[in-house]
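[1] The amino acid sequence is not available; the structure is as follows:
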């Protein structure tokens, strides 16, 4: 307690000193917030990597002071911009007596602009010899201590702006995230897909199982929900003749939070006419290999102490996978009662509606998923848990659906899309009825306009949806989804 009190008192004193410095600057006519622009023509990385070409030339740089070493009439500083750091060499006789006097009073974290000559010091350090220094913004909050940085994980998520300043590897993660997004779009664009946008606010909750966030539209005086998927709108576009579409969309689900889940996240959903789930399987494999190779330069990805080989993918039906890892054969269950008895024998949790197919899925969760470390497609899902997927022609108890798993985590979900409006209506109505039987106040509804769209005719279609953030975790070797979200959802401190 005493140590914490001392830290608080010290911080309070530092804050007071910095505000006093600000007041003094303003009274002296040097308001550090008055500048509206500063012309930057060179960045730190360019100076460090192209020294031979820039030696002796005048450059204009700007950034944050990250260290200062005063030596009387000369100061050495590290200036950090978006590309990295470069050393500043500031001499009193070069910048002038009065400018040098106030510069020596600058604090770590202040933002400055510097014009000067690129050179090397006697020790061979690439530097900028300042001829002009301009204070562009005063730092009023001391940065975390140099050698320990910002280490409190929760504080890092809350104050990502400080995290980015003092932890360069964090910025690297988000630069890589941007590159991954660019590669995903480039891959899909190269395959003839058209990027589109669909509504985030929807008029009612459809019969899917995820729990939405609710809001109210004042002008229309209706309750609305934030979308939990983009699927039904995108498939309307397939009906309309747009044969390959995708959306990079924010999705909102009012559910739990853990290292793999955040209430709002980014997904990509895509639909391609005249193909099926096997076409989507091939697309996923090619996409994952292409993005990893282009971003990381390899298909063997290090992740949390493991090596994930994106060059090799296993393909198993759900029945095969359950038999492989639990020894239980779905084909031995002739009735729902057989499946229930087997589940109880193996201490597998029963689903809310305990049918053979739903119990098979519970066996998968209990025995299989944890073993799927290397890339694996699991396909042929029970119809009970696949209300939007097309049934297998030779076995209507199952659907043409797959999910793919890496490091015991589901990464994406794909179907041969159901395009029979009569079957779709029956499944949606049954799903909503089951939900209302369990929760009479549940506002879930059937999207009859989507049924109406299907009645105009939707071609055979393959569809895929995957969470972008989990892919980011894999390709940046990040343990938590919060590490790849710039501003993850946090509980307010008060």
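    All right, it came through fine. Bear in mind the structure is a predicted one, so any value in this text is a computation, not a measurement.

[2] just checking, what packs against the strand ranked longest in the chain?
    Using DSSP state E, we find that the single longest strand of the chain is strand 58-71. Contact here means 3 or more C-beta pairs under 8 Å, 6 or more residues apart in numbering; DSSP states H and E; on that basis strand 58-71 packs against helix 44-49, strand 74-81, strand 111-120, strand 126-137. C-beta: built from backbone N, CA, C; applies to glycine.

[3] Try it again at 7 Å.
    Applying 3 or more C-beta pairs under 7 Å, 6 or more residues apart in numbering; DSSP states H and E, we find strand 58-71 packed against strand 74-81, strand 111-120, strand 126-137.

[4] burial count for residue 97?
    Using other C-beta atoms under 10 Å, residue 97 is surrounded by 8 other residues.

[5] Next up, the contacts around it.
    Counting by C-beta atoms under 7 Å, 6 or more residues apart in numbering, residue 97 makes contact with nothing.

[6] That one and residue 253: what is the separation?
    62 Å (C-beta to C-beta, to the nearest Å).

[7] And for residue 203?
    For residue 203 relative to residue 253 (C-beta to C-beta), the value is 18 Å.

[8] And those two? Which one has more around it.
    residue 253 (20 against 14).

[9] quick one: contacts for that one?
    Taking C-beta under 7 Å, 6+ apart, one finds 210-211, 228, 263 in contact with residue 253.

[10] and which of those residues is nearest to residue 22?
    residue 263 (38.7 Å; C-beta to C-beta).

[11] Would you check that the closest one makes contact with residue 252?
    Yes - with contact taken as C-beta atoms under 7 Å, residue 263 and residue 252 are classed as touching, separated by 6.5 Å.

[12] Show me which of these two is the more surrounded one.
    residue 252 (18 against 15).

[13] what are the phi and psi values for residue 262?
    phi -130, psi 140 (degrees, to the nearest 10).

[14] That one - how many residues pack around it?
    Neighbours of residue 262 (other C-beta under 10 Å): 21.

[15] And for the one 4 residues further on?
    Residue 266 has 19 neighbouring residues, counting by other C-beta under 10 Å.

[16] With residue 199 instead?
    With other C-beta under 10 Å as criterion, residue 199 counts 12.

[17] do residue 172 as well
    That count, for residue 172 with other C-beta under 10 Å as the rule, works out to 11.

[18] three-state assignment of it?
    Classification of residue 172 using DSSP: H, G, I helix; E, B strand; the rest coil returns helix.

[19] Just the buried residues of stretch 410-430, please?
    410-419, 421, 423-425, 427-428 (16 or more other C-beta atoms under 10 Å).

[20] Same question for stretch 39-47.
    In stretch 39-47, counting by 16+ other C-beta under 10 Å, buried: 42-44, 46-47.

[21] got it, and stretch 213-230?
    224-230.

[22] Poorly predicted segments of the stretch 51-200 of the chain, please.
    146-150 (pLDDT under 70).

[23] If we use 50, what do you get?
    147 (pLDDT under 50).

[24] List the contacts of residue 169.
    Taking C-beta under 7 Å, 6+ apart, one finds nothing in contact with residue 169.
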